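K.L.:
Need coordinates for the following:
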Amino acid sequence: MIAAVFPGQGAQKAGMGRELADRFPVCRDTFAEADEALGERLSQLCFEGPEDRLQLTENTQPAILAVSVAIYRLAASQGLQPSFAAGHSLGEYSAHVAAGTISFADALRTVRRRGRYMQEAVPVGEGAMAAVLGLDADSVAEACAEAAADHGVVSPANLNAPGQVVIAGRSAAVARAGELARARGAKRVIPLAVSAPFHCALMKPAEDRLAPELRALAAHDPRIPVIANVDAEPKTEVSACIEALIRQVSSPVRWEHVVRRSVAEGVGTFVELGPGTVLAGLIRKIEPGATVLSIENSQGLEKLPMLLAESAGAQ
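P.N.:
Now for the predicted structure:
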């Protein structure tokens, strides 16, 4: 079985999606739909930048969503029929568009506000995130708990892969947790250039603002299960999908668990749809035996027919 997976914030880059939009009407039409839904030229921001505007969270989130959905629609037109979908943080919205849970236009408008609310939840400079490499998740959680006792909120935010955990919280608490993680054996602690401390308790105000808007959307049961970030459980009913998106704002992204649950459900092939190849790298670390393909340009797309043939033959 195949899972379609979608990247989150950090994958953005000026020029993303342009080559495929130039070549394929389905991608061009998707970007035109995005421009109309938002009432502005999101496509131009994706294709040309400037980088400083693209890096603003409220622009980044709809931009990555638009590119991901354009590529998914293109891949679907060429035969991709995933059995499951999942996305990393923001990417979970792309997964729900692919699964038919929420419309593309609603998703675009929602993630724009999601980005704004997340940015406004914590004043710039008061929050931070850092990647802790080479230390198990339990030890990272212990370092965070010790640091939080004296310095305020800090906790694991992204459980990305074995030995790769991102932490988030108050700036001083993140710095102290990094020191404690090094003392526990972490190989490296890398501060991340982010505008807010995502997926921690400091995001609760953003979650509270977003919740009524998500619950008010015209949403449907997904056509295929979407494995949620918050608990790595396949969601098949619309209410569970929406509640998972709400909780996701201030909860850690359990990406390692999402991938392992996918494999436990019978997934042997992952197709990453969107800018970058970050998820493909993480999946290979988590499940070295899985088949992985990233599609962000025509080179990746050219490999899809063979992958689909191999997947069909394996079933």
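
K.L.:
any idea which helix is longest in this structure?
P.N.:
helix 57-77 (DSSP state H).

K.L.:
So what touches stretch 298-309?
P.N.:
2, 19-20, 23, 74-75, 78-80, 269, 271, 291, 293-295 (Cβ atoms under 8 Å, 6 or more residues apart in numbering). In this view, the C-beta of every residue, glycine as well, is placed from N, C-alpha and C.

K.L.:
Stretch 262-271 too?
P.N.:
1-5, 75, 80, 82-84, 86, 225, 227, 234, 259, 279-280, 283, 287, 289-295, 304, 307, 310-311, 314.

K.L.:
Out of the contacts of stretch 298-309, the closest to residue 118 would be?
P.N.:
For these, the minimum distance to residue 118 (Cβ to Cβ) is 26.1 Å, reached by residue 294.

K.L.:
In terms of pLDDT, where does the closest one sit?
P.N.:
You'll see residue 294 listed with a pLDDT of 97.

K.L.:
That one in helix, strand or coil?
P.N.:
Judged by DSSP: H, G, I helix; E, B strand; the rest coil, the three-state class of residue 294 is strand.

K.L.:
could you point out which element follows the longest helix of the chain?
P.N.:
Remark: after helix 57-77, the chain's next helix or strand is strand 84-87, criterion DSSP states H and E.

K.L.:
Tell me the helix or strand right after that next one.
P.N.:
Following strand 84-87 toward the C-terminus (DSSP H and E): helix 91-99.

K.L.:
can you give me the helices in the stretch 101-250 of the chain?
P.N.:
104-121, 137-151, 171-183, 204-215, 238-248 (DSSP state H, counting those that start in this stretch).

K.L.:
Need the contact partners of the shortest one.
P.N.:
So that's helix 238-248. Contacts for helix 238-248 (Cβ under 8 Å, 6+ apart): 89, 92-93, 96, 101, 199, 207, 210-211, 214-215, 217, 219-222, 226, 228-231, 235.

K.L.:
Would you list the buried entries among those?
P.N.:
89, 92-93, 96, 101, 199, 207, 210-211, 214, 217, 219, 222, 226, 228-231, 235 (16 or more other Cβ atoms under 10 Å).

K.L.:
Okay, domains of the protein per the record?
P.N.:
2-121+202-314, 127-194 (automatic domain parsing).

K.L.:
Can you give the distance from the shortest one to the centre of its chain?
P.N.:
Average the C-alpha atoms of domain 127-194, do the same for its chain, and the two points are 20 Å apart (Cα atoms, centre = their mean, to the nearest Å).

K.L.:
And it, end to end?
P.N.:
9 Å (Cα to Cα, to the nearest Å).

K.L.:
now that domain: mean pLDDT?
P.N.:
Mean predicted confidence for domain 127-194 is 96.

K.L.:
Test my guess that residue 53 contacts residue 45.
P.N.:
Yes - counting by Cβ atoms under 8 Å, residue 53 touches residue 45, with 6.1 Å between them.

K.L.:
The two - which one has more neighbours?
P.N.:
residue 45 (23 against 13; other Cβ atoms under 10 Å).

K.L.:
quick one, phi psi at that one?
P.N.:
phi -60, psi -40 (degrees, to the nearest 10).

K.L.:
what sits against it?
P.N.:
53-54, 59, 63.

K.L.:
Neighbour-wise, which one of those residues leads?
P.N.:
residue 63 (31 neighbours).

K.L.:
count of neighbours near the nearest residue to it once chain neighbours are set aside?
P.N.:
Spatial nearest neighbour of residue 63, excluding adjacent residues (Cβ to Cβ, 6 or more residues apart in numbering): residue 46 at 5.1 Å. Here the count is done by other Cβ under 10 Å, and residue 46 has 27 residues near it.
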